[in-house]
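> pasted the sequence and its predicted model underneath.
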There are 2 protein chains.
Amino acid sequence: MAKEKPSIPQGTRDFLPYQVQQRQYIFQTIKKVFENYGFLPIETPAVEKLNTLIGKYGEEGDRLIFKVLNSGNFLKGVDEQLLKEKDYNKLGYQICEKVLRYDLTVPLARFVVMHQNEIVLPFKRYQIQPVWRGDSPQKGRYREFWQCDADIVGSDSLVYEVEFIQMYYEALKNLGFQRFTIHINHRQVLQAVVDLLHISDKFSDFCIVIDKLDKIQWKGVTEELQQKGFHEEVIQKIQKIFQLQEGFKETINFLKEEFCNLPSGLKALEELEWIYEVVCSTNPAIETYLIFDLALARGLNYYTGSILEVKLQDMKVGSIGGGGRYDNLTALFGKEGLSGAGISFGIDRIYDAMNELQLFQNLDLKIPMIFIAYFDNKHLKKVFELANFLRKRNIRTEISPKNDKLGKQIQLADKKQIPYVLIVGEEEIQKEVYSLKHLVTGNQKNLDLFEIAEFIKNGGY
Amino acid sequence: MAKEKPSIPQGTRDFLPYQVQQRQYIFQTIKKVFENYGFLPIETPAVEKLNTLIGKYGEEGDRLIFKVLNSGNFLKGVDEQLLKEKDYNKLGYQICEKVLRYDLTVPLARFVVMHQNEIVLPFKRYQIQPVWRGDSPQKGRYREFWQCDADIVGSDSLVYEVEFIQMYYEALKNLGFQRFTIHINHRQVLQAVVDLLHISDKFSDFCIVIDKLDKIQWKGVTEELQQKGFHEEVIQKIQKIFQLQEGFKETINFLKEEFCNLPSGLKALEELEWIYEVVCSTNPAIETYLIFDLALARGLNYYTGSILEVKLQDMKVGSIGGGGRYDNLTALFGKEGLSGAGISFGIDRIYDAMNELQLFQNLDLKIPMIFIAYFDNKHLKKVFELANFLRKRNIRTEISPKNDKLGKQIQLADKKQIPYVLIVGEEEIQKEVYSLKHLVTGNQKNLDLFEIAEFIKNGGY
């Protein structure tokens, strides 16, 4: 067995204890919000059938899905011709029946159809699990990363659009973020814009380019539109519409006039207006965070109604969340007529941003509170008795592995960042009073067991 | 896109909301114990490099490891001869660089070596993550299942052997189990037995057979030993040694005499004796749960010192946990001289057993407490105001998607098992007093918002 220098696959990560706890804190904070809004957790397997996922994310998506090689003789029954031609693309589908989860949305659709008799519609579920994508790894982009989604399936009520905005706001505030913006738009508004300009046949191109406005500004957008064959006067009209934004209501009112002959565009505007009013009347503080962002288009194949995206100010991490309404996702698996909507939190970007903003500084990590040091192995029974007493009171306690010199034991506790050392010697056991040393200040107190437990429970120091 | 009837891969599972919450309860309960004993969480990627895992679990293990097909042209550079011969075994290693995690122990060894400058030894870590194995699925055996391990790396102190027994006891008691046994043995005791009988060359065979005593009784063991060529008189002596067990101390004393010329066997007995005494003096209640089980042998390649296994009485799920001491696991990755020990909880079997024993009955699932029904959409602003008030107080609240007939809204709440419906109409809004209906009893109270919050916070009913 070769002794290789160990490493992990590109784009994957190990998490050290403090990192796991910081990430757990993010999950817990968001879960709490999800649950307050009546969302319930589900979990799906990391491994799905190839047929379930392939073809659901477009060609590029299919390419990025990781396939799991069939067990045993995976070449049995494989098309000889493909082998001869080394047609790796088609062979991949013959030697693999399973793939790794690529997102949480298609599995949700599969889940809802499979378990339709075990769930109640409208189904409000949240899900926090890793997904895998064969993207080239780069800063902030991983091959194994976590998604954290809340979705509602089986209702077209706008109640959920309001709740999603509230949930984004509350979760990010609870995590400690101060400066962020929640962008909203509506696919039918974008549709109305292209209808208005008589370029309905170029809806996709238009959305792809306009979605980049934030990144490449008007100069870039103009160039790309030109490249895609948009006429100069059309580009000028687009620019006119997109530059007139000043506040949520003003934009709505401006577009209402423009869309006066486009009923589905007007309906979309009314929806946005209603969402905005209910959100702001429930919690006026959200108003300054909520932006009607006409240039928000998001992924193309997916959304059919309102769309959302959340961005951090002062940070270049891109969006840290997004979502929207999609009609008929479950139709992929034969169940028609279920409208859905959902939002997603980009946990890995949120984690990176919280580190940059030092939002974990006051997080109480669950490291042991007390380290018990002792001089003689014959005292170990007593040491275990003390530890047992403390642990029963949920005081995290670590026992020294050895009766090393006291200095060495204290050094170990200090390296482990355990704040208190409880020192157990002959005299202490006799008197039933123990020295409790605080390693940061060097302070030392002599206390009995009950006093120690109370002292620690009250926060120590 | 074909509309197939959706399904998931054999041996994997979806978890419905109540199942996720029940499983989370198991994880939380065990985590709490781990943390009280000073263990810290780590996480490793689901996908490891093929070289990291292959060769670490024996031939059978290698066969069961799932491989992940390389992205892109996986046939590039593959040995032509192997392709021609369809040598699927060797080809598998050429077209896959990554594999799915098979257990949590080899990744721990890899982690410790890779992060040796970021962790403090002795390193106490716990880890709760899924693993994947290509076993044939059967009742209680899955291809995707969860492991839940606590290990200590970098110390040979017996302190940890004591703690592991305490942790098993506390975790299982906290989960509500009453009737279980914690079996302990020592690989050096088994070694001494074969040395005593002059069959040291047959140590492996002996361990494999004797480990089955529980399942196949003496009749089966005798037959298997005969088949493996053990002499009749040796079998009789084995039987004599193994049948003489009566209580922990008696077994120790009996074996001490037998092993009088076998120093490493005596040392192992002294270790077991010390562990037993400290465990029982710390918590006498554990004594009746702790069994010196001479027939416990566990996996062969792995353990070098004490070994542990936990079994439920009255249940045929097999063991629900096991562990032991292993020397030098990190040597696999080039780091010598680190002794380690660990235990594992079989979450999936524990989950099945808890269901069978109805131990989840009193678990408080985090479903919404209040469902808000309303008659008129114009009242939605008020409805959101009420929901906001309740959610701010961590009262899980769901808003009806539509102003359906009241009966229909109540029916939906009932299907969702939400205990209370808050009814909002014109009159209620005027008076600021709302009807709160308890769906199980049918009781209805008229309360203002503050009263509702207090009522629910105090447990309701």
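Nice, I can see it.

> which ones are touching the closest residue to A:Tyr420 other than its chain neighbours?
Counting by CB to CB, 6 or more residues apart in numbering or on different chains, A:Ile370 is the residue found nearest to A:Tyr420 once chain neighbours are left out, at 4.8 Å. Any C-beta I mention is one placed from the backbone N, CA and C, and that applies to glycine too. The contact partners of A:Ile370, taken as CB atoms under 8 Å, 6 or more residues apart in numbering or on different chains, are A:Leu390, A:Ile395, A:Arg396, A:Thr397, A:Glu398, A:Ile418, A:Tyr420, A:Val421, A:Leu422, A:Leu436, A:Ile452, A:Ile456.

> just checking, which of the residues you listed belong to helices?
Those of the contacts of A:Ile370 mapping onto helices are A:Leu390, A:Ile452, A:Ile456, per DSSP state H.

> which residues does the closest residue to the first one other than its chain neighbours form a beta bridge with?
On the basis of CB to CB, 6+ apart, the spatially nearest residue to A:Leu390 that is not a chain neighbour turns out to be A:Thr397, at 4.5 Å. Using DSSP bridges, the beta-bridge partners of A:Thr397 come out as A:Ile370.

> cool, and A:Val47?
A:Leu100.

> quick check, nearest of the contacts of A:Ile370 to chain B?
A:Glu398 (3.3 Å; CB to the nearest CB).

> the closest one and B:Lys124 touch, don't they?
Yes - using CB atoms under 8 Å, A:Glu398 is in contact with B:Lys124, at 7.3 Å.

> next, show the common contact partners of the two.
Contact criterion CB under 8 Å, 6+ apart; residues shared by A:Glu398 and B:Lys124: B:Tyr37, B:Gly38.

> just among the contacts of A:Ile370, which is most surrounded?
When neighbours are taken as other CB atoms under 10 Å in any protein chain shown, the top entry among those is A:Leu422 (27 neighbours).

> with adjacent residues omitted, what lies nearest to that residue?
A:Ile372 (4.8 Å).

> tell me which element that neighbour falls in.
Using DSSP states H and E, the element containing A:Ile372 is strand A:370-374.

> and that strand, C-alpha only, in PDB?
Output of strand A:370-374 as PDB, limited to C-alpha atoms (Å, rounded to 0.1, in the frame of the first residue of the first chain):
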ATOM      1  CA  ILE A 370     -13.500  22.700  31.500                       C
ATOM      2  CA  PHE A 371     -10.400  20.600  31.200                       C
ATOM      3  CA  ILE A 372      -9.600  18.400  34.200                       C
ATOM      4  CA  ALA A 373      -6.000  18.000  35.200                       C
ATOM      5  CA  TYR A 374      -4.700  15.500  37.700                       C
END
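
> residues contacting the closest residue to A:Pro45 other than its chain neighbours?
Distance criterion CB to CB, 6+ apart; nearest residue to A:Pro45, sequence neighbours excluded, is B:Thr12 at 3.5 Å. Under the criterion of CB under 8 Å, 6+ apart, the neighbours of B:Thr12 are A:Pro45, A:Ala46, A:Val47, B:Tyr142, B:Arg143, B:Glu144.

> and those, which two are furthest apart?
A:Ala46 and B:Tyr142 (12.1 Å; CB to CB).
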